[in-house]
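Enquirer: When you get a sec, could you give me coordinates for this:
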Amino acid sequence: MNLRQDLVFAIGVVAFFLPFFIFRGLFEAYYHFNLEHGLLMSFIKFSILATLGEVIGLRIKTGTYHKKGFGILPRALVWGFLGMTIYMAFAIFASGTPVLLEKMGFEDAGRIINSELSWKKVLVSFSIATALNLFYAPVMMTFHKITDIHILETGGTLRGFLKPIAFARIFREINWDVQWNFVFKRTIPLFWIPAQTITFLLPEEYRVLFAAFLGIVLGVLLAVAALMDREK
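Expert: Next up is the predicted model:
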């Protein structure tokens, strides 16, 4: 049964994305809409792709792609919101970090990040990814953890999700051993900084899309973290 579910799931994912690769007009329509409405498209991309990652994570944890109380719609809304904050964070750190580098003596860092591939561009991209993940990522990951717990506590329903979130209580109840020692201390330096160094080597219009695809990986990492949390 699980193999059949995996096959159906894989076919569904391929069927959803394949037209963008087959039909040039469809891809161009997406491309131009993305350029003109970046914030909205960030909401859409993350609500789809990062939620897809969480569904895969659920499969890893439970052996199934759907479970009562999981709350796919609330999770998609959370990821859409986080996608918009990621879009804003990318704009802030991609612009601000090169300015900081220039003040530290790295000449033309702002120009280099938009130039051809070189070791200097890799260094600037690495600096942006490091600043982003040290200052923004822990806040985003903690917010996601709090909303994840809230969704589960309210039965995964949209009505339950719209109830006030007990931020202070949930914050205290987070398993900080797992959150710090795995989610922060391991995934940020060993995966997210290298992965997002690649992100900032890409043309600006593709960065958020690549980050959204990385959201699929995030879903898997969150599943691993949840399994570790269960073992504590």
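
Enquirer: Surely residue 52 touches residue 16?
Expert: No. Using CB atoms under 8 Å, residue 52 is not in contact with residue 16, being 9.2 Å away. Using the backbone N, CA and C atoms, a C-beta is placed for each residue, glycine as well.

Enquirer: More neighbours: which of those two?
Expert: residue 52 (21 against 11; other CB atoms under 10 Å).

Enquirer: And the closest residue in space to the more buried one that isn't next to it in sequence, how far from residue 41?
Expert: Nearest residue to residue 52, sequence neighbours excluded (CB to CB, 6 or more residues apart in numbering): residue 216, at 5.7 Å. Going from residue 216 to residue 41 by CB to CB, to the nearest Å gives 17 Å.

Enquirer: Likewise for residue 85?
Expert: 14 Å.

Enquirer: quick one: which of those two has more around it?
Expert: Between residue 85 and residue 41, counting by other CB under 10 Å, residue 41 is the more crowded of the two (20 against 15).

Enquirer: list the contacts for that one?
Expert: Residues in contact with residue 41, defined by CB atoms under 8 Å, 6 or more residues apart in numbering, are 33-34, 208.

Enquirer: Is it within a helix or a strand, and which one?
Expert: Here residue 41 sits within helix 38-62, counting by DSSP states H and E.

Enquirer: so the next helix or strand after that helix versus helix 38-62, what angle?
Expert: For helix 38-62, the succeeding helix or strand toward the C-terminus, using DSSP H and E, is helix 72-103. Between helix 72-103 and helix 38-62, the angle comes out at 120 degrees (axes from the mean of the first three to the mean of the last three CA atoms, to 10 degrees).

Enquirer: correct me, but residue 147 touches residue 165?
Expert: Yes. Using CB under 8 Å, residue 147 is in contact with residue 165, at 6.9 Å.

Enquirer: Looking at those two, which is more packed in?
Expert: It is residue 147, of residue 147 and residue 165, that has more neighbours when counted by other CB under 10 Å, with 22 against 17.

Enquirer: Before we move on, what's the pLDDT of the more buried one?
Expert: pLDDT for residue 147: 95.

Enquirer: do the same with the one 4 residues further on
Expert: According to the model's per-residue confidence, residue 151 sits at a pLDDT of 95.

Enquirer: Now it. Nearest residue, chain neighbours left out?
Expert: Spatially, and ignoring its direct neighbours in sequence, residue 151 is nearest to residue 71 (4.2 Å; CB to CB, 6+ apart).

Enquirer: Next: residue 141.
Expert: residue 183 is the one closest to residue 141 (CB to CB, 6+ apart), at 5.8 Å.

Enquirer: and the one you found, how many residues sit next to it?
Expert: 26.

Enquirer: Now do the contacts for it.
Expert: By CB under 8 Å, 6+ apart, the neighbours of residue 183 are 141, 145, 221-222, 225.

Enquirer: Many thanks, I have nothing further to ask.
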